[in-house]
Each structure stands twice: as C-alpha cells, then as structure tokens.
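In: Model the following, please.
(chains A and B)
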Amino acid sequence: MIRPELFEGQVRIPSGCAISAVISREGRLISGQTIVDSMRPMHERSNGLGGGFAGYGIYPEYKDFFALHIFYDTDEARAAVESHLRAVLEIVRAENIPTRKHPAITAEPFIWRYFVAPLRSVLHSRQQDEEEFIAQLAMRVNTSYPGAYVFSSGKNMGVFKAVGYPEDVGVFYRLEEYSGYCWTAHGRYPTNTPGWWGGAHPFALLDRTIVHNGEISSYDCNRRTIEMYGYKCTLQTDTEVITYIADFLQRKQGLTLEEMASVIAAPFWSTIERQPKGKSRELAYLRTVYSSLLITGPFSIILGFRGGLMALNDRLKLRSMVVGEKDDKVYIASEEAAIRAVEPSAENIWAPAGGQPVVVRVREGAY
Amino acid sequence: MGQWEVYPEFEVVRSSARCTKCLGCVAQCANGAHQYDGAQLTCDSAKCVGCHRCVAMCPTRALKIVKADCALRENGNWDSQTIKEIFKQAQSGGVLLSSMGTPKPYPVYWDKLLLNASQVTNPSIDPLREPMETRVCLGKKPGRPQRGPDGRFTCELPPQLKLTMPMLFSAMSYGSVSYNVHEALARAAEELGVYYNTGEGGLHEDFYTYSPNTIVQVASGRFGVHEGYLNAGAAIEIKMGQGAKPGIGGHLPGTKVGADISRTRMIPEGSDAISPAPHHDIYSIEDLRQLVYSLKQSTHHKKPVIVKVAAVHNIAAIASGIARSGADIIAIDGFRGGTGAAPTRIRDNVGIPIELALAAVDQRLRDEGIRNQVGIIAGGSIRSSADVAKAIALGADAVYIATAALLALGCHLCRTCQTGMCNWGIATQRPELVARLDPKEGAKRLVNLMTAWNHEIMEMLGGMGINSIEALRGNRLMLRGIGLTAKELEILGVAHAGE
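Out: Residues are numbered from 1 along each chain as shown, chains lettered A, B, ... in the order given. As a prediction, the model looks like this:
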C-alpha cells in the first residue's frame, strides 16, 4: 500500500516516457487499435505506472456536447459530483465507460462519462462562455471534490488512461471499438510509484490534450505564473502545467500554435537577432511579454486539439521525437519503431529540430 | 589615554626589521595613524579605522593591523560595542552615525537556502557548449498582446530596461562617493550592458555621455533634478526609502559640497544637503501615482519608472500598491543594505531582511495576479553570484549591487564612510584621496567581478538544467531551506532540504 503522501500532487514526480500520435489530414477514421499497436515497441520506455490515450472524433453522435470523463474513488464522491453537475448542466447521457478485465490493470476506480451541455441560464448569470464554464467546472471538481477527478472535458474527443503499460491500458478500455481522425498516446516511466490513475497522461482541459516526455526545469516558474491566471496545478506534473499554458496562450490570449511554440520553446536571443527585422521584432516581443512561460529542460510534447495536433521539442532537442508520413496520415513518436510498427512503409521520416513546431491540421470540414 | 577614552579597537603593528622608512604609510593614511617626526616613525592606533590602505601599500609588508586584545569586561548582555556607544554618547550627546550595512549577526537567509541540480531524470547543461542566456527585460508586460488590423502584433511594449545579466549597480550618490567611483561605475555599466544609478545627488555633466546606461534617481531632496536630467536616464528611480535607513532622509555635510557637487546637486556651495525623511509631495499611495505619472509625462512615456522602497514590515501590501501606481519596476532594499551614513540605531534595528521581503512581495503580487505588471529588483546585501541566483529563484527579475561593487574598487569595509576620509578614494571628496582611485582600472575590476558572477550564474543555471535566466525567476522548487523553521519556510515559499 502506498502512503497517501506519495500520491500524485503531494510530491513532484519526474518521468521518462514514450509518446506517439497518428492523424489523418483527410479526417479519415483510424481505429484505436492502431495507436495501441504503435506503443508496443516502446514498451521499455514505460514502467507500467501509467499509460493513456486521447482520441479525437470518437463521439460523432454527441459532437455538440462536452464529454466529461470522471474517475471516482467512491460512490459518495460520485453522488456529490453528480448532484453538482445536475445543478448546472444538461446531462444527455451518463454511463460507465466500457472496460474489460485485464490482469495487469488493477485497482481501477469507478470510471464514468457524461455528455453534457452547460445550462444557458447558468452561463448567463456567470457571464462565461461555455468553454470557460466547463474549464472552471473541471478544475473545481478536481480541487474541491475529494475522490473525484475529471480527466477529459472536450467535445467529440476523449481521454482514456490508467496505471499500467499503455498497450494494456488500450486493451482495458477496448480502444479497438473506437475510431477517430487523430490519436495520441503516452507511456509513463515515473521515478516513484504514484499509483493513481489521474496522474497518467494525456492530461486534458477542454479539447486540448498533452502527452509529454521530459522533465521541465522551469516547472515552478511556469506553475507560479499560470496560477496567476486562475489555473490551479494540483498534480505537480509538467503535463498539467503545459496543458494550462497551452489553454491560456491559445484560448485566453489568442495566440496561434506557431506563436505559442515561440513562447514555450522560444528561440535563443542570438537566433532572434538573426531573423529578418519584422520576424525578429515579433519574436522578441513574444519572448519579452511571456518570459515566464518559457519552458526549459527536456521535453517532447504532442498537443492534440480539435482538428489537429502540434508536436514540439524543447529548444535544445533533449528528447527524441520523429515524424513520418504515409498518404493522408502523419505519424509522430518518440521512436521510429513506433511508426514502423503500424505503417511499415512510412515515408519522409525526419526529426524536427529543437523548438521547431510540427503542426498537422485536418482539412477544414473533414472533422 | 584620557579618562573618557577606551583602548583603540585596532593596533597597528610595524615590523622594524622590514620597515625601510619610506614613509608611504604616512602619506597614505588620511586619518593620521602614521606619523614621522623626522627621526622616529610612530603609530597612533586610536586613529586607525582598519581600512588596510597602509598594509596594502607598504612595499615591504612591514605593517599589519590586528584586533586589539585589550578588551572591556564584556558580558552576554553588555558587549563592548554597546558599552563604547554609551561612552560615546555620554561624551557627545549626539545621535550615533554609522556606515555600510549592519554588522549585527542577523540571520542571512541566503546562507540558509540551497540550490538544486539535475541528476539522471533530466540533463544538466554545459554553458561552455550550449547557449546559456542571462538577458533580462525589466518592466511592465502587457496583459494581452495587441494586434493590428492585419492580425500581426503591434509589438508595442511599455518601456523596458534590457540587461545582459540580472545585475545592476545600485544607487550611490555623487557626494556620498567620489567622482571617480561614478566614472568607474558608468564605464563598467556601459561595457557590461547594464546600468548604474546616480543616487540622489544628480548627474555630473561629464557623465551624460553614459546616459543610455544610467538610472537617474529622484529622491526626497530633489537634488539635481531637472528636465534634462530626467530625460538623460534610461530609467527614473523614485527613491522612497533605503534598506539601511528606512523612514530616514539623508544628510550630506556642507564640507563635502564643493564646487562640482554644488553644481551637480543644484545647491549652494558649502551648504548641507538634507533630504527630508518623506517626499513632501507623497504622503499617500495616490500621491506616488501622481509623481510616477508626472515623471512619465516629463519623459514622454519613454522611460520606465522604478520605485525603490526599503523592506519594512508591511512590504507586500506596499509593493502591491506601488504595482498599481503605474510604476514599471519595484526595487526592494533589504535592511542589511549599505549606506554612506545612517543613524546607527536605525541601521541596526529598522526593516526586515531582503530574502523575506522579496519572497512575500513576489507571492503577494502573484496572489493578486499582477506580478507581470512590474519588474522586481532586489537589493540589500547581495554578496555573491549564489545570492543572485537565490534571489531570482525567490522571485526577483534582477538584483542591485553596491557594497560588492565598492569592494571591487578597493573598499575594505572599514565602515567609516561618514568621516569622508576614505583612504581608498571611494567615500570621500578630498581631491588627493579621490585621485587614488583610477576610474579605468576600477571599471575593469567591476567588469571582471560582474563577468565572473555571470559565468557562475550560468554554471548554476546549467546545473539545474535551465538555459535561460527567466526560467529560474520565481522557480522556488530550485531552492531548499536548511535549518529554517516551518514559519520561515512558509514565508520563503520553499521546502526544507530533504523534502
């Protein structure tokens, strides 16, 4: 039995990891099996203490509703949260997320999902748009309802994660039964034993998800900065803070993906000065305005969002990450083996440079 | 000795075997500790301040200064310093004056904080092989970036101070220190790409050439303040207080106000330059706002305005008020900071340590969501690059350095600046003493010191796996306390070593 003081959020736990992603630029549906299979060759990059997936386009029948995925430790926790949800949301469907028993996946919490829409009267009285409302709701549940944890809160997408090896987690969640236009995956190698499902990745807020391999040395600088803007970092993980930074810069500050990349993996000043004048001015501006959101230390991240993804390495390229293509599909993974495992004839395999964002978007209207 | 005298604190010991009677010591000591009567070379230890000028200049190493072993009968309650101060006041009836930072053994929290380094889970970075950035932009950051009609950023920022390293030379007025000190500081600031600070004594006409690296100060006496002065600086600092003497003004005796200082300060020659304790146009926070904006208007909103305050008990709330007053940068000066002259009781008993003040301010501004609206400069006894790194990890953008800079120029911390007899040519206006400090050599030594510190900061950053100074700012996970109480750790916002 792990002492509660070692749980996620009580201590800071560095992790090594494997990440993988596949996306169809044409919005063609890809089985969840594909992403699970891509993680198999990277088994050694995880240690069985966390695996997870995010799928986009997986809930077409409920695409206008937020899909809340929630872990509950107890029925009491569920009752408390559901009573709150009923007060502020229209719930069009509530159910257990289907799973199958797997010998390597144990001690599972109660895993529920809800397709919901915020009540218009509530939005009106709080003067919030629906995204801000749902983001606040998720953070409130996670900080104020012991034993309950919202781990997915976007539209037409969902996160599936657990303590275990990623390929086992995929089997547990029956991911072969889902298909989506984009998948990301994560296998975790934490340096101690958090034993808590919420600590696995991807980390998600609204439809943004992050899978991350690395340990950022700027963590507390970034955390204390992002917490100024109403975010509450409860897990002490890099992934959590990076997700909030992405949400803040894009949703609240209106930055594009490329602009965001030049904030969190900002070019060196010497590089900025070598750029043409207009570009140099813009980069210097962003770096000055958001200096506290620069992320240092090793990371490779894949940010999933509605209609696309972005892969990004730290500016020194201290973590491996390669990109490959085949027809309409783009593959990104910590190792080429992960790509070859699901697409042996992948082409144009290349390693993005440090700080060079790789943005892949699904054709407009195809998702 | 007379009835009311005590035995001198130091004894000058001369080795007659080594002494060649070159009489250098006689010439070097402005205090007259060495005398030559034509035959005999004698020492009056009572005049020795322990500045070691004669020791350093003696060509045969025939001199040493030792602490006198003739001790008063001290006890745990009445140490000799306390006893001597009573004798002095019984003699003079006056307020005791002191110089430089408090010598009292208050806790130095820098020495109770330890930095982190990477092991295994992430790599440390070698600054000799990889880029390592120490550039800092000090100033207000916009809450939201502005875009033009074409969707591109307007790239308009409130005025920023750009530093190549997170260190600036702190305010020391021309008057409290010599012309040559100012020249050395100005030259060094220019070469380093940082800033020096005029202090409250105005800007000598010779130094306008260094204005891109000059911070001009506006203090309660308003000495030397005019439109040209304000516009000469890269930034304007409103001095509300000083760590060594919170709540107290300044006093430059008329004897130090020669022609040059008189012209620079815009006061009559020989008149005492007295800075009032408060600014008489600032009795409240809204008054500060008016001064901030009138200075901004006088400089066409092109210069950042710094508000410097002493670290006092309620510093977090005060800083929050300053942040909302329109100031671009807050400089916080801790109570161990130096001074050219301050009432001893004030210096040794008023204010709080910079470490606690800085931690409290940074946290308060974050709690209120306004940390980005101001830069923070921490000062008040930054003694090494490790102190700099720890200050930044606690939340400072940059630090002010003064005592360490004076040491680089030759100061031996004898703490008698108030006499104006500085044998090192620093805290004096006597031309023959001032001439002892070569400003070019002084500038070189300042550049050396700052460059060395910056290299050390890069090494520490690299060890932590950080390659840009801004990722250390407020990064308190990189700090651990050692031997601190739970309350101290709570205020500092750091965990204890081992946690």
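In: which element is A:Thr184 on?
Out: When secondary structure is defined by DSSP states H and E, A:Thr184 falls within strand A:182-190.
In: which residues are in contact with the helix or strand following that strand?
Out: Sequence order places strand A:203-205 as the next helix or strand after strand A:182-190, per DSSP H and E. Applying CB atoms under 8 Å, 6 or more residues apart in numbering or on different chains, the external contacts of strand A:203-205 come out as A:54, A:135, A:138, A:151-154, A:159, A:209-210, A:212, A:235, A:237, A:239-240, A:242-244, A:247. Placement of C-beta: from N, CA and C, glycine included.
In: Also stretch A:267-278?
Out: Residues from elsewhere that reach stretch A:267-278 (CB under 8 Å, 6+ apart): A:266, A:280, A:283-284, A:287, A:315, A:355, B:131, B:133, B:135, B:152.
In: biggest separation within the residues you listed, which pair?
Out: When those are compared pair by pair using CB to CB, the two farthest from each other are B:Pro131 and B:Arg152, 27.4 Å apart.
In: quick one: which of the two has more around it?
Out: With neighbours defined as other CB atoms under 10 Å in any protein chain shown, B:Pro131 and B:Arg152 compare such that B:Pro131 has more, 15 against 11.
In: Which parts of the stretch 251-367 of chain A are strands?
Out: With DSSP state E, counting those that start in this stretch applied, the stretch 251-367 of chain A shows strands at A:299-305, A:308-313, A:322-326, A:329-333, A:347-350, A:358-361, listed in chain order.
In: how about those in TSV, adding mean neighbour count and distance to B:Arg415?
Out: Formatted as TSV, the entries for the strands of the stretch 251-367 of chain A read as follows, by neighbours: other CB atoms under 10 Å in any protein chain shown; distance: least, CB to CB, whole Å:
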stretch	mean neighbour count	distance to B:Arg415
strand A:299-305	26	50
strand A:308-313	24	53
strand A:322-326	19	63
strand A:329-333	25	63
strand A:347-350	10	64
strand A:358-361	17	61
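In: Buried ones from the contacts of stretch A:267-278, can you make that a PyMOL selection?
Out: Selection of buried members from the contacts of stretch A:267-278 for PyMOL, criterion 16 or more other CB atoms under 10 Å in any protein chain shown:
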select buried, (chain A and resi 266+283+284+287+315+355) or (chain B and resi 133+135)
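In: Can you give me the pLDDT of A:Val22?
Out: Reading off the confidence values, A:Val22 has pLDDT 97.
In: For A:Asn313, give me its contacts.
Out: Under the criterion of CB under 8 Å, 6+ apart, the contact list for A:Asn313 reads A:265, A:299-300, A:319, A:321, A:352-356.
In: before we move on, the earlier item: identify those among the contacts of strand A:203-205 that sit within strands.
Out: Filtering the contacts of strand A:203-205 for membership in strands, criterion DSSP state E, returns A:54, A:151-152, A:159, A:209-210, A:212.
In: Pick the one among the residues you listed closest to B:Gly50.
Out: In terms of CB to CB, no member of the ones in strands among the contacts of strand A:203-205 lies closer to B:Gly50 than A:His212, at 58.2 Å.
In: can you pull the contacts of the closest one?
Out: Contact analysis of A:His212 by CB under 8 Å, 6+ apart lists A:17, A:19, A:186, A:201, A:203, A:238-239, A:242, A:299-302.
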